[in-house]
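Colleague: Provided below for reference: sequence and predicted model.
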Number of protein chains: 2
Amino acid sequence: MTYCVGLKLNAGLVLLSDTRTNAGLDNIACYRKMFFFEQLGERAIVVMTAGSLSVTQTTLARLTEAIHDEMADETTSIMKAQTMLQVATIIGDTLSRTRREIAEQCRDLRQQASASMIVAGQRCGGDMRMFLIYPEGNFIEATDDTPFLQIGEHKYGKPILDRVVTPATSLADAQKAVLLSMDSTLRSNLSVGMPLDLAIIERDACAVTSRRRILDGDPDFARMSAAWSAALRESFVNISI
Amino acid sequence: MTYCVGLKLNAGLVLLSDTRTNAGLDNIACYRKMFFFEQLGERAIVVMTAGSLSVTQTTLARLTEAIHDEMADETTSIMKAQTMLQVATIIGDTLSRTRREIAEQCRDLRQQASASMIVAGQRCGGDMRMFLIYPEGNFIEATDDTPFLQIGEHKYGKPILDRVVTPATSLADAQKAVLLSMDSTLRSNLSVGMPLDLAIIERDACAVTSRRRILDGDPDFARMSAAWSAALRESFVNISI
């Protein structure tokens, strides 16, 4: 399983992913699920992935290959695409084609090989945009009404986002919100696990302005998690029925 | 969808269910999902249901018919069963048989007709017990390590239970915990809805010592829900990153 969450705020894009991958319950590994495509000041794109590792890795490999292909143009390379919408379309098409091919290979296994992605970024002169790309290649976009998108194990971490995130949320509060959302998910689903990758793309920077790997035992994260638990328990005690 | 939760505490059993039933998104109705089987001082049993309404209603109708059957004995009537384990076995068998029959009827529709139940109670001289009965008729039991069971839309409401419920939790705190667990679920899943049914079986009373229907707009529930939201937001603000 996986949990990835992205916020699209007035101040910028805030993205968080875990790194746990499992094939069954007895085969657990650590794989990065957050990928950066950046040309400083010109464009910054972050892709987060959930689902079958063979689908997501092959999709990313093909996207990267297209970027380095000298024949690539704006319809095939996400570093040449004119708009974030075109970026989402290229990624959706690549994901959909890869998923279909692998599903065909796995047909005899009766196993689902599927994946979804969150794509967020900004191109110089364009708007910040964030998309959730479905396995079939179609996508939806974050809006002011719903400024966050989630993939993977999304339910445990949704209540906190519903309560505190609006487009006006500051980048500092947004980091707190996604980390607490992840904290609830880590507690309830063992197949979501540390370390975490956190990235921020500030508005109009057209660059990944902050990226941080949060390791198991990170003192700041542990302190925040403990403080949140204590605050919840105290709030619980103080509420009268 | 549905959300039902039961706690088995040292002080007694606390049970809460919603009442919303839907066939698709455009056909929503209100049906009780909590059922009482009681002979004061001798036994008290509460059954909560989730899943296909035709399966749960037919199962309950058959259990009730068996109770009123003069030929019924301890292996067919839950009011004559010697132990709560036997009660769970009778309900599991009836649920499994009903589900199989209805699934067979629905075969051409390629629709799943399934259901699960929580059964909690105590017989005079026996222990309080609480079971989660699966569609196939097998079941698991609440223990001191995991003193709560949930059926239906269980994820949104689980974090609060994980954090505050232990076997030593008081009945007052337990009511708060299940109501806040339901509150998180109501906010996040529209197919779980008011009114709510809340019941308590105090230890060794062998009676349903409290039952309450909480209607939409109930001032106590609304106040508690608002206070919890405010407390969460305040806790969020006070935590430093």
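Modeller: Thanks, I have it.

Colleague: so where do the strands sit in chain A?
Modeller: Listed in chain order, the strands found in chain A under DSSP state E are A:3-9, A:12-17, A:20-22, A:28-30, A:34-39, A:43-51, A:115-123, A:129-133, A:139-141, A:148-152, A:196-202, A:210-214.

Colleague: Identify the neighbouring strands of the fourth one in the sheet and state each direction.
Modeller: Paired strands of strand A:28-30, with direction, are strand A:20-22 (antiparallel) (DSSP bridges).

Colleague: can you list the residues that contact the partner strand?
Modeller: A:1-2, A:28-31, A:53, A:191-194 (CB atoms under 8 Å, 6 or more residues apart in numbering or on different chains). Using the backbone N, CA and C atoms, a C-beta is placed for each residue, glycine as well.

Colleague: Ok, stretch A:225-235 next?
Modeller: So stretch A:225-235 is contacted by A:180, A:183, B:160, B:163-164, B:228, B:231-232, B:234-235, B:238-240 (CB under 8 Å, 6+ apart).

Colleague: in it, what's buried?
Modeller: A:225, A:228, A:231-232, A:235 (16 or more other CB atoms under 10 Å in any protein chain shown).

Colleague: And the residue lying closest to A:Tyr134 once chain neighbours are set aside, how far from chain B?
Modeller: Nearest-residue entry for A:Tyr134: A:Ser116, 5.7 Å, with adjacent residues in sequence omitted and distances by CB to CB, 6 or more residues apart in numbering or on different chains. Distance, A:Ser116 to chain B, using CB to the nearest CB, to the nearest Å: 18 Å.

Colleague: Give me the neighbour count for A:Ser116.
Modeller: Residues lying near A:Ser116 (other CB atoms under 10 Å in any protein chain shown) number 24.

Colleague: show me the contacts for it.
Modeller: Listed by CB under 8 Å, 6+ apart, the contact partners of A:Ser116 are A:49-51, A:95, A:132-135, A:151.

Colleague: bridging residues for A:Ile151?
Modeller: Beta-bridge partners, per DSSP bridges, of A:Ile151: A:Cys4.

Colleague: I'd say it and A:Met48 touch.
Modeller: Yes - here A:Ile151 reaches A:Met48: they are 6.8 Å apart, a contact under CB atoms under 8 Å.

Colleague: Overlap of the contact sets of these two?
Modeller: Common neighbours of A:Ile151 and A:Met48, using CB under 8 Å, 6+ apart, are A:4, A:117-118.

Colleague: okay if I get those residues as CSV plus pLDDT and neighbour count?
Modeller: Output for those, formatted as CSV (pLDDT from 0 to 100; neighbours: other CB atoms under 10 Å in any protein chain shown):
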residue, pLDDT, neighbour count
A:Cys4, 98, 28
A:Met117, 98, 28
A:Ile118, 98, 28
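
Colleague: For chain B, state which of these is nearest.
Modeller: Nearest to chain B among these is A:Cys4, at 16.8 Å by CB to the nearest CB.

Colleague: Pretty sure that closest one sits against A:Arg32.
Modeller: No - look at A:Cys4 against A:Arg32 with CB under 8 Å: they stay out of range, at 11.4 Å.

Colleague: Stretch A:138-146 - what's its average pLDDT?
Modeller: Averaging pLDDT along stretch A:138-146 gives 96.

Colleague: Of all the residues in the longest helix along chain A, which ones are buried?
Modeller: In chain A, with assignment by DSSP state H, the single longest helix is helix A:84-105. For helix A:84-105, the neighbour count (16+ other CB under 10 Å) marks A:84, A:87-92, A:94-96, A:98-99, A:102-103 as buried.

Colleague: A:Ala61: which of the contacts of stretch A:225-235 is nearest?
Modeller: Closest approach to A:Ala61 among the contacts of stretch A:225-235 (CB to CB): A:Asp183, at 32.0 Å.

Colleague: Excluding sequence neighbours, find me the nearest residue to that closest one.
Modeller: Counting by CB to CB, 6+ apart, the residue nearest A:Asp183 is A:Ser225, at 4.9 Å.

Colleague: just checking, A:Arg213 touches A:Pro195?
Modeller: Yes - the criterion here is CB under 8 Å, and A:Arg213 meets it with A:Pro195 at 5.5 Å.
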